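Asks: Give me a model of this one.
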Amino acid sequence: MRPLRILTWHVHGSYLLNLTQVPHEFYLPIKPGRPHPYGGRGGPFPWGDNVHEVPVDQVPQLQLDCVLFQHRENYLVHQLETLSPSQRELPRIYLEHDPPMEHPTNTRHLVDDPNVLLVHVTPFNQLMWDSGRTPTRVIEHGALVPNGVKYVGNLARGLVVVNHLARRGRRLGADIFEAARQEVPLDLVGMAAEESGGLGEIDHDQLPAFQSQYRFFFNPIRYTSLGLAVIEAMLLGMPIVGLATTEMGTAIENGVSGYVHTDLAFLVERMRDLLADPAEARRLGEGARRRAQERFSLERFTRSWADAFAEVTCMPLRTGSQPAPAALVARS
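Replies: Have a look, this model is predicted:
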């Protein structure tokens with residue numbers, strides 16, 4: 001099978017970097033000034049030769065095999081502005097990165113089309129979305145850490161990795177982080193981390209070695225998908241402490257790879273235990289590494305995505321296809 005030609009937008013750089021390890025050709029539309037999501041190959045990522053930038057006004061001339069949407073505006077607005085009518089009839093995948101942000105159980109997904117494959121990144125997300133008649137599958141995250149970078153844990157502090165924590169507030173656990181760091185030493189890194197008293201942003205290629213020095217990884221997030229930062233920390237061999245919400249409850253096993261709970265006081269005590277016992281932290285970190293290698297390997301991730309692309313590009317059209325998302329724009 002020849003490499004497929006896939007158009008998508010630059011929405012989440014770390015995820016896109018992992019996705020482009022699938023042996024297909026990826027085309028990223030760009031605009032002058034590179035506004036989101038038209039940033040192309042931007043960001044501190046080692047893009048491969050199979051990732052191509054294309055000016056947005058040249059997209060209609062591309063010979064494509066598949067279109068991958070990663071955001072509601074990609075689906076509702078950008079495809080109407082960017083793609084030709086024939087390109088909008090190509091095999092399509094909508095990659096849903098998040099759980100529902102409105103009602104957690106009764107929200108209908110914006111894609112309502114039996115000819116679009118809706119991909120969820122966690123079983124929890126698939127469970128919570130009402131996907132209607134749209135076919136779905138789960139492709140869990142895959143990640144890779146640099147060779148030779150492993151957990152050290154000699155710094156008796158915990159690390160939190162969240163972008164724009166102050167702006168994103170309670171959903172991402174801004175208040176949980178503030179309460180926990182009054183009890184145990186915690187450092188915050190990520191975009192605009194300084195706004196929450198953090199250390200700032202660490203370049204993507206430097207983050208693994210940086211975080212490997214910390215005793216444990218703390219995830220204060222109440223409600224989002226299972227973040228790549230958690231998975232990358234697991235692959236390094238870091239013990240994980242976090243809230244037992246969304247997919248975290250299945251990713252971390254208490255006493256084996258770290259601790260999850262809905263009681264912050266319990267988690268604070270476990271963090272204190274890890275600060276006092278480096279050997280126990282190493283044992284739990286090794287459990288986290290084994291779990292991540294079993295569930296979140298990049299090899300499994302790329303194989304799952306290759307299967308999804310093969311499925312949609314060979315899938316016959318079904319009756320009842322939604323003709324265009326313009327009607328959804330009017331409803332939204």
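Asks: From here on, just use CA atoms for contacts and neighbour counts.
Replies: OK.
Asks: List the contacts of stretch 195-214.
Replies: The contact list for stretch 195-214, computed with C-alpha atoms under 8 Å, 6 or more residues apart in numbering, reads 44-45, 145-146, 149-159, 165-166, 187-194, 232-233, 236, 238.
Asks: as a whole number, average confidence for it?
Replies: Average pLDDT, stretch 195-214: 94.
Asks: now stretch 131-143
Replies: pLDDT averaged over stretch 131-143 gives 96.
Asks: Just the pLDDT for G227.
Replies: Predicted confidence (pLDDT) for G227: 89.
Asks: From I240, how far out is it?
Replies: As judged by C-alpha to C-alpha, to the nearest Å, G227 and I240 stand 12 Å apart.
Asks: Who has more neighbours out of those two?
Replies: A count of neighbours by other C-alpha atoms under 10 Å puts I240 above the other of G227 and I240, at 32 against 17.
Asks: Is it correct that that one is in contact with F218?
Replies: Yes: in this structure, I240 is within contact of F218 by C-alpha atoms under 8 Å, at 6.0 Å.
Asks: re the thing from before, restricted to buried residues, select the contacts of stretch 195-214 in ChimeraX.
Replies: Buried residues within those, by 16 or more other C-alpha atoms under 10 Å, are selected in ChimeraX with:
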select :145,150,151,152,153,156,157,158,159,165,166,187,188,189,190,191,192,193,194,232,233,236,238
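Asks: and I93, which of the three is it?
Replies: strand (DSSP: H, G, I helix; E, B strand; the rest coil).
Asks: and it, bridged to which residues?
Replies: Note on I93: beta-bridge partners by DSSP bridges are L68, L117.
Asks: Enumerate every residue touching it.
Replies: Contacts of I93 by C-alpha under 8 Å, 6+ apart are 66-69, 116-119, 312.
Asks: Relative to E253, which of those is nearest.
Replies: Nearest to E253, judged by C-alpha to C-alpha, of these is V119 at 25.8 Å.
Asks: Beyond the helix or strand in which the closest one is found, next helix or strand please.
Replies: Under the criterion of DSSP states H and E, V119 resides in strand 116-120. As assigned by DSSP H and E, the chain's next helix or strand after strand 116-120 is helix 123-128.
Asks: Output the below-cut-off pLDDT ranges for the stretch 1-150 of the chain.
Replies: Applying pLDDT under 70 to the stretch 1-150 of the chain picks out residues 1.
Asks: can you pull out the helices in it?
Replies: For the stretch 1-150 of the chain, the helices defined by DSSP state H, counting those that start in this stretch occupy 13-19, 72-73, 79-82, 123-128.
Asks: Any chance of a markdown table for those, columns distance to L199?
Replies: A markdown table is the format used below for those (distance: least, C-alpha to C-alpha, whole Å):
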| stretch | distance to L199 |
| --- | --- |
| helix 13-19 | 20 |
| helix 72-73 | 32 |
| helix 79-82 | 38 |
| helix 123-128 | 31 |
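Asks: Which one of those helices lies nearest to R303?
Replies: The stretch from these with the least distance to R303 (C-alpha to C-alpha) is helix 13-19; that distance is 10.3 Å.
Asks: Mind giving me the packing neighbours of that closest one?
Replies: For helix 13-19, the elements it packs on are helix 298-314, judged by 3 or more C-alpha pairs under 8 Å, 6 or more residues apart in numbering; DSSP states H and E.
Asks: what sits up against the helix it packs on?
Replies: Against helix 298-314 from outside (C-alpha under 8 Å, 6+ apart): 18-19, 21-23, 65-66, 91-93, 117, 139-144.
Asks: buried subset of those?
Replies: Neighbour-count burial (16+ other C-alpha under 10 Å) applied to the contacts of helix 298-314 gives 18-19, 21-22, 65-66, 91-93, 117, 139-143.
Asks: Quick check: the gap between M248 and R272.
Replies: 21 Å.
Asks: So for these two, which sits in the more crowded spot?
Replies: Higher neighbour count among M248 and R272: M248, with 26 against 16, using other C-alpha under 10 Å.
Asks: buried set for the helix or strand harbouring R283?
Replies: Assigned by DSSP H and E, R283 belongs to helix 278-295. Under the neighbour-count criterion of 16+ other C-alpha under 10 Å, helix 278-295 has 278, 280-293 buried.
Asks: Identify whichever of the helices of the stretch 1-150 of the chain lies nearest to D49.
Replies: helix 13-19 (11.8 Å).
Asks: Check the offset of that closest one from the chain's centre.
Replies: Between the centre of helix 13-19 and the centre of its host chain there is 8 Å, according to C-alpha atoms, centre = their mean, to the nearest Å.
Asks: Please apply the same query to stretch 154-170.
Replies: Relative to the chain's own centre, stretch 154-170 is displaced by 17 Å; criterion: C-alpha atoms, centre = their mean.
Asks: just to revisit the earlier point, using PDB, list the CA coordinates for the strand holding V119.
Replies: In PDB, the C-alpha atoms belonging to strand 116-120 read as follows (Å, rounded to 0.1, in the frame of the first residue of the first chain):
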ATOM      1  CA  VAL A 116     -16.900  10.100   9.200                       C
ATOM      2  CA  LEU A 117     -14.900   8.000  11.600                       C
ATOM      3  CA  LEU A 118     -14.900   9.600  15.100                       C
ATOM      4  CA  VAL A 119     -11.700   8.700  17.000                       C
ATOM      5  CA  HIS A 120     -11.500   9.200  20.800                       C
END
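Asks: Understood, closing this out.
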